[in-house]
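Peer 1: Turn this into a structure:
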Amino acid sequence: MHHTSFGKYLSLKTALNELDAVLSPRTPLYLLLRRNDSLTAITYVPYLAKEDQRSFFLEHRHDLVQRLEKEHFSQSLICKEIGEITDARSWQERDDNDASNTASGITKNTKKCNDESCEGCAVEDLGYKRNKCRLCDRRMKNKITPEAQDALKTLVNPGAVVQLHVDTGTEILTLDFAKLVSSADIAALIPTASPTFTFFHHPTHSLVYFIFHSPDSVPVQQRMKHTMAIPGLLVHAEDVGISVDQKIEIHEPEELEFVEKDERIGKFRSMFVRKGFKGTELQYEGAERDREFVDSVR
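Peer 2: Numbering: from 1, shown residues only. A predicted model of the protein is given here:
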């Protein structure tokens, strides 16, 4: 059993992110989380755990709450994926559902205490409910070095720039540098011979830009490892409170241009036509025929 408290000075996202080191996709456990001065009892039963272990934890989850002074608990729930616990969007979705039910006058599903001496005590039993958000970007999340994670926090400062890359041997997101610069200096900081991710808090636009530089000269495998790491990297940024306002993809540093648009800026390597842009990564005989087929079934 593991207990985690969301302290007054520790953000929810940061606290949840620390649980990645505790949870295993094969090991069930009971997890107690403190939120809003009350405890939430989580029964974590991952899909890859042995069936007899999953059954044991599910069978005794109410006993756990009763033995640990149930009046301190507000909720009990079941989770089957790590992201259902560690991703703040999961908790936001539960809170939104709870608020929606309250506004609609829907009675909460509560499981009363079995202790006759505690007739007024009730714990809200949420059971298991699959997330509407499937958290695919979290499943694709590469590991990140502590230095890189800490550097992302500096992006709250105007003029802050943080550059990272994927170590192709370990597939870990690694920090290149973090410092304060002007927007005119960013292009010169982007290496021409390797893929990089550059975050920049533009001091004039007051926007956080995410720049993916993917040069044509590097091997396709290296480019694709970086492309696949983008969704998870943005989750890492969100975990420390940094939201990207504008995404840019370029093949050469001189293509960099800071503009404010509703859509993505630059050249993209996706093979299909997406929202008005055509990818550049993959061209082959019959590609146009496949694009026409995809467009015809949308």
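Peer 1: low-confidence ranges in the stretch 101-250 of the chain?
Peer 2: Judged by pLDDT under 70, the stretch 101-250 of the chain has its weakly predicted residues at 101-122, 133-139.
Peer 1: which residues of it fall in strands?
Peer 2: All strands of the stretch 101-250 of the chain, identified by DSSP state E, counting those that start in this stretch, fall at 110-112, 122-127, 160-167, 172-180, 196-201, 208-213, 246-250.
Peer 1: Quick check: closest non-adjacent residue to Ile82.
Peer 2: Leaving aside its chain neighbours, Ile82 sits nearest to Leu23 (4.8 Å; criterion: CB to CB, 6 or more residues apart in numbering). Any C-beta I mention is one placed from the backbone N, CA and C, and that applies to glycine too.
Peer 1: TSV for the strands of the stretch 101-250 of the chain, including distance to Ile186?
Peer 2: Listed next are the strands of the stretch 101-250 of the chain as TSV, based on distance: least, CB to CB, whole Å:
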stretch	distance to Ile186
strand 110-112	54
strand 122-127	46
strand 160-167	6
strand 172-180	11
strand 196-201	6
strand 208-213	7
strand 246-250	10
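Peer 1: Would you mind putting those into a markdown table with distance to Gln53 and mean neighbour count alongside?
Peer 2: Shown next, in a markdown table, are the strands of the stretch 101-250 of the chain (distance: least, CB to CB, whole Å; neighbours: other CB atoms under 10 Å):
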| stretch | distance to Gln53 | mean neighbour count |
| --- | --- | --- |
| strand 110-112 | 23 | 14 |
| strand 122-127 | 19 | 17 |
| strand 160-167 | 35 | 22 |
| strand 172-180 | 30 | 16 |
| strand 196-201 | 39 | 23 |
| strand 208-213 | 41 | 22 |
| strand 246-250 | 42 | 20 |
